[in-house]
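**Q** Dropping the sequence and predicted coords here.
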Amino acid sequence: MTGRNWTRLLAVSLAGWLCLPLAPARAEDGYELWLRYPPQEPAPAASTVAAIVAPGDASAMVEAAISELQRGLGGLLGAKPPTTDAAAANTLVLATPAERPELATLGLPLDGL
């Protein structure tokens, strides 16, 4: 390469570096990268999920599921749904039919759960 070609290469490289943004890039951590819950536009009605029903003696795994549901639904709907003991309209039931016998009265296909 001649001196003139090196000068061009250097000038093009320098111009490329100057085009980079001056602000530092913000990287999402692993959790935010995969489990983002941005608010939905238009925002759904807050009553979409009014509450979460879970077994009274919830295990650590069920507690983690409740926490993640509240985080996700809180982000998507704009408000965290509370936990409750009684199933009602617009509640998300986090239990098996053995844990909540009243589910059998709803007429849903729950065989095998």
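**A** Here it is on my side, so go on.

**Q** give the contact list for residue 69.
**A** By Cβ atoms under 8 Å, 6 or more residues apart in numbering, the contact list for residue 69 reads 52, 81, 92, 94. The way it works is simple: take the backbone N, C-alpha and C, and place the C-beta from them, glycine included.

**Q** distance of it from residue 56?
**A** Using Cβ to Cβ, to the nearest Å, one gets 17 Å for the distance from residue 69 to residue 56.

**Q** quick revisit: would you convert the contacts of residue 69 into a markdown table that also reports pLDDT and neighbour count?
**A** Converted to a markdown table, the contacts of residue 69 look like this (pLDDT from 0 to 100; neighbours: other Cβ atoms under 10 Å):
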| residue | pLDDT | neighbour count |
| --- | --- | --- |
| 52 | 90 | 19 |
| 81 | 88 | 21 |
| 92 | 87 | 17 |
| 94 | 84 | 17 |
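
**Q** By mean pLDDT, flag the weakest helix or strand of this structure.
**A** The helix or strand of the chain with the poorest confidence is helix 30-34; it has a mean of 64 (mean pLDDT, DSSP states H and E).

**Q** Next SSE downstream of that helix?
**A** strand 51-53 (DSSP states H and E).

**Q** Send me the helix or strand that that next one is followed by as CSV with only the CA atoms.
**A** Remark: after strand 51-53, the chain's next helix or strand is helix 60-77, criterion DSSP H and E. Output of helix 60-77 as CSV, limited to C-alpha atoms (Å, rounded to 0.1, in the frame of the first residue of the first chain):
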residue,chain,number,x,y,z
ALA,A,60,-41.6,-21.3,47.6
MET,A,61,-42.2,-22.2,44.0
VAL,A,62,-45.8,-20.9,44.1
GLU,A,63,-44.7,-17.8,45.9
ALA,A,64,-42.2,-17.2,43.1
ALA,A,65,-44.9,-17.7,40.5
ILE,A,66,-47.2,-15.2,42.3
SER,A,67,-44.4,-12.7,42.5
GLU,A,68,-43.6,-13.0,38.8
LEU,A,69,-47.3,-12.8,37.8
GLN,A,70,-47.7,-9.7,39.9
ARG,A,71,-44.5,-8.2,38.3
GLY,A,72,-45.6,-9.1,34.8
LEU,A,73,-49.2,-8.1,35.1
GLY,A,74,-48.3,-5.0,37.0
GLY,A,75,-46.1,-3.9,34.1
LEU,A,76,-48.6,-4.9,31.4
LEU,A,77,-51.7,-3.6,33.0
